[in-house]
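Undergrad: I would like the atomic coordinates for the input below:
(chains A and B)
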Number of protein chains: 2
Amino acid sequence: MKKLLVASTSTIYGSGYLEYLLPTLKSFFVDVKTILFIPYARPSGISYDEYTKIAKNAFSNINIDVVGIHQFENPKEAILKAEAIFTGGGNTFELVNQLYKKHILSTLKKVLENGTPYLGTSAGSNICGVNMMNTNDMPIVYPPSFTTLGCIPFNINAHYLDPIVGSTHKGETRETRIKEFHVFNGIDVLGLREGSWLEVIGDEIILKGDLTARLFQQNKKPIELESGVKV
Amino acid sequence: MKKLLVASTSTIYGSGYLEYLLPTLKSFFVDVKTILFIPYARPSGISYDEYTKIAKNAFSNINIDVVGIHQFENPKEAILKAEAIFTGGGNTFELVNQLYKKHILSTLKKVLENGTPYLGTSAGSNICGVNMMNTNDMPIVYPPSFTTLGCIPFNINAHYLDPIVGSTHKGETRETRIKEFHVFNGIDVLGLREGSWLEVIGDEIILKGDLTARLFQQNKKPIELESGVKV
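TA: Predicted structure coming up:
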């Protein structure tokens, strides 16, 4: 049975890395001793080692150890044997690129479907959707495909941002970009604001955190979902 | 000899479509009677007809007619015969996708290298670079490649935005995203702010408009280029 936390962001304003999630993580990862960390998204291009250290520091607060998948000779085996898995944020294109290059996307999907507890933040959450077509990231590398895990039956727009009232900038708003997506695609998109996350237990998906989330569906008006509801 | 205008945006705040560029366009397209418009980027998903009408209205102010490439049976021939070409903004992924699908990217490159005057705005400017890896757009479709025209020897980041002072949002800034690009790529990136454009005549590229532009180079500190300088 699937057991996932799909978070918009690792960090909310004015707080440390994963800090706002620690109480949730403590009960979600109960009995877990070591988490396998997937650092491929490399925010700001930091190294796998540096990134893993950041995750390790955060999880040390709840007495869970963290090892980077790059520390294993065989990443596929590392995933198959992992007690629990965490994929951090950064660039979704590079993350997906590495998952394909290392031939581990399908392995990751398999273990998540079979119940390995999983935490994703930002890019690590985007990959839980049907495809990565609603990422905000820059296409700095060309992955072999945009198809991702499909562990939830819709796409995530992480770090969802409402249009800025009074903005003089003429670049597209997030809502406009998602509207463009729906010209070509029928998949629902959930705009998850920073501080929101999904708790996925089997086929039940619940919105968590203090904020509402914005659900975009093709040819429909977007709706706001209240925290606590099933998505 | 190449003759291109590569603009960050079609529209600046508080002004009509292409309005701020009209005096420049009038002299740049002198003696041009009809411009071929490439509407493939479809901002907000509007139709090719609707989009072409918007371009036609703007150019009517300087007595130039506009025809959409979709009105021709053979888009390759339309490009080869065009007096001048304008590619409008919207979604860069879909624009590049269509250029590949219709097998006209190389034709477009050829006529631009041979001197057909060209205007690009936003997505239409992104494609003038080496590749589209510095677009801000959402990957709503999967194009066969990210390689673009390479009519200028660097990439464009259109609608360049400085980090917002005091922002509480934890999504990556534009500068962070470009820094991530330079972990994997050596190509220079020019952050063109709204209201800036490049005038490309042969191999000479001049920054135009009132603002400075921000040049990002791998392993170097970004620098601000003054309007009027050669890039």
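Undergrad: thinking residue A:230 is in contact with residue A:208, fair?
TA: No. Using CB atoms under 8 Å, residue A:230 makes no contact with residue A:208, being 11.5 Å away. Any C-beta I mention is one placed from the backbone N, CA and C, and that applies to glycine too.
Undergrad: ok, those two, which is more surrounded?
TA: Looking at residue A:230 and residue A:208 with other CB atoms under 10 Å in any protein chain shown, you find the greater number of neighbours at residue A:208, namely 18 against 9.
Undergrad: dump the residue contacts of residue A:211.
TA: Shown in contact with residue A:211 (CB atoms under 8 Å, 6 or more residues apart in numbering or on different chains): A:193, A:195-196, A:227.
Undergrad: now those in a markdown table, with secondary structure and distance to residue B:168?
TA: Below are the contacts of residue A:211 laid out as a markdown table (DSSP: H, G, I helix; E, B strand; the rest coil; distance: CB to CB, whole Å):
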| residue | secondary structure | distance to residue B:168 |
| --- | --- | --- |
| A:193 | coil | 12 |
| A:195 | coil | 11 |
| A:196 | coil | 15 |
| A:227 | coil | 19 |
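Undergrad: nearest to residue B:162, of the residues you listed?
TA: Using CB to CB, residue A:193 is the member of those that sits closest to residue B:162, with 23.4 Å.
Undergrad: contacting residues for that closest one?
TA: Contacts here follow CB under 8 Å, 6+ apart; on that basis residue A:193 touches A:8, A:159-161, A:209, A:211-214.
Undergrad: let's see if you can find the most crowded of those.
TA: Neighbour-wise, these (other CB under 10 Å) top out at residue A:8, 29 neighbours.
Undergrad: about what we covered before: residues shared between the contacts of residue A:230 and residue A:208?
TA: With CB under 8 Å, 6+ apart, residue A:230 and residue A:208 have no common neighbours.
Undergrad: what is the helix or strand of chain A with the lowest mean pLDDT packed up against?
TA: Within chain A, no helix or strand scores below helix A:174-184, which has a mean of 93 by mean pLDDT, DSSP states H and E. Applying 3 or more CB pairs under 8 Å, 6 or more residues apart in numbering or on different chains; DSSP states H and E, we find helix A:174-184 packed against strand A:189-191, strand A:213-216.
Undergrad: now residue A:97: phi and psi?
TA: With angles defined as degrees, to the nearest 10, residue A:97 sits at phi -60, psi -50.
Undergrad: output the longest helix belonging to chain A.
TA: Secondary structure of chain A read by DSSP state H shows that its longest helix is helix A:48-60.
Undergrad: what mean pLDDT does the helix or strand following that helix have?
TA: For helix A:48-60, the following helix or strand on the C-terminal side (DSSP states H and E) is strand A:65-68. In this model, strand A:65-68 has an average pLDDT of 98.
Undergrad: give me the contacts around strand A:65-68.
TA: By CB under 8 Å, 6+ apart, strand A:65-68 touches A:33-37, A:39, A:48-49, A:51-52, A:55-56, A:59, A:86.
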